[in-house]
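# Return atomic coordinates for the entry below.
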Amino acid sequence: MGHAQKNQNFKPLNIAVLTVSDSRTEETDTAGKLLVERLKEANHLLAEKCILADNKYIIRAKISDWIADENVHAIVTTGGTGLTGRDITPEAIIPLFDKEIPGFGELFRQVSYDFIKTSTIQSRAFAGLANGTAIFSLPGSPGACKDGWDNIICHQLDIRHAPCNLVELMPRFMEQ
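Sure, this is the predicted structure:
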């Protein structure tokens with residue numbers, strides 16, 4: 001775990017949450033609900049939450065809208081990162097990145113290994129930056145979302161986290 005920087009005040013981010021699923025509804029979207037709960041518990045703000053079917057063009061359009069919105073500082077997605085034919089979240093989002101963050105997927109799989117052992121190799125969790133917006137994509141299970149948020153994302157979206165965090169790299173947020 002990192003260390004808190006004593007000279008920084010917490011800065012809440014506006015975070016959008018996207019669930020990628022052909023079968024989830026607002027009532028059954030436990031992973032998306034968990035992410036919303038976690039970001040609010042961390043004193044961030046929910047910019048928007050939606051559920052979209054596994055269609056790379058619809059996903060790409062929504063993510064593009066959020067990337068272009070100066071009031072959305074970060075995006076967290078859940079679902080569509082596996083290996084089935086319908087799992088197309090990486091194919092939808094990665095082409096939008098200005099820079100990939102390969103260490104996120106690597107670290108997520110390391111954290112996940114403690115819970116699901118070698119099954120973690122089936123996860124294509126990933127992250128990147130687009131137009132100053134941090135984007136994290138997690139598997140569709142609540143456990144994976146909990147592990148990803150609690151062990152990685154919450155720290156990287158907290159400006160007090162030392163020695164570095166992604167908030168420091170968000171130019172439009174830092175200008176506010």
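# what's downstream of the lowest-mean-pLDDT helix or strand in the chain, the next helix or strand?
Ranked by mean pLDDT, DSSP states H and E, the weakest helix or strand in the chain is strand 3-4, scoring a mean of 58. Downstream of strand 3-4, the next assigned helix or strand under DSSP states H and E is strand 14-20.
# which residues sit against that following strand?
Residues outside strand 14-20 that contact it (Cβ atoms under 8 Å, 6 or more residues apart in numbering): 29, 31-32, 35-36, 39, 44-54, 59, 62-63, 66, 71-80, 89, 140, 157. C-beta: built from backbone N, CA, C; applies to glycine.
# again, but for stretch 100-119
With Cβ under 8 Å, 6+ apart as the test, stretch 100-119 has contacts from 94, 120-121, 123-129, 136, 138, 143-144, 147-148, 151-152.
# Likewise for stretch 121-131?
63, 67-68, 81-83, 87, 89-90, 93-94, 96-102, 104-105, 108-109, 112, 134-139, 144, 148, 166, 169.
# what's next to stretch 59-70, contact-wise?
The contact list for stretch 59-70, computed with Cβ under 8 Å, 6+ apart, reads 16, 18, 20, 47-48, 50, 52, 72, 75, 77, 80, 88-89, 92-93, 95-96, 130-131, 133, 135, 172.
# Can you say which of those residues are buried?
Buried members of these, counted by 16 or more other Cβ atoms under 10 Å: 16, 18, 20, 47-48, 52, 72, 75, 77, 80, 88-89, 92-93, 96, 130-131, 133, 135.
# contacting residues for the nearest residue in space to residue 150 that is not next to it in sequence?
Residue nearest to residue 150 in three dimensions, not counting chain neighbours: residue 38, with 7.2 Å by Cβ to Cβ, 6 or more residues apart in numbering. By Cβ under 8 Å, 6+ apart, the contact list for residue 38 reads 145-146, 149-150, 154.
# rerun at 10 Å
Neighbouring residues of residue 38 by Cβ atoms under 10 Å, 6 or more residues apart in numbering: 15, 17, 44, 76, 145-146, 148-150, 153-154.
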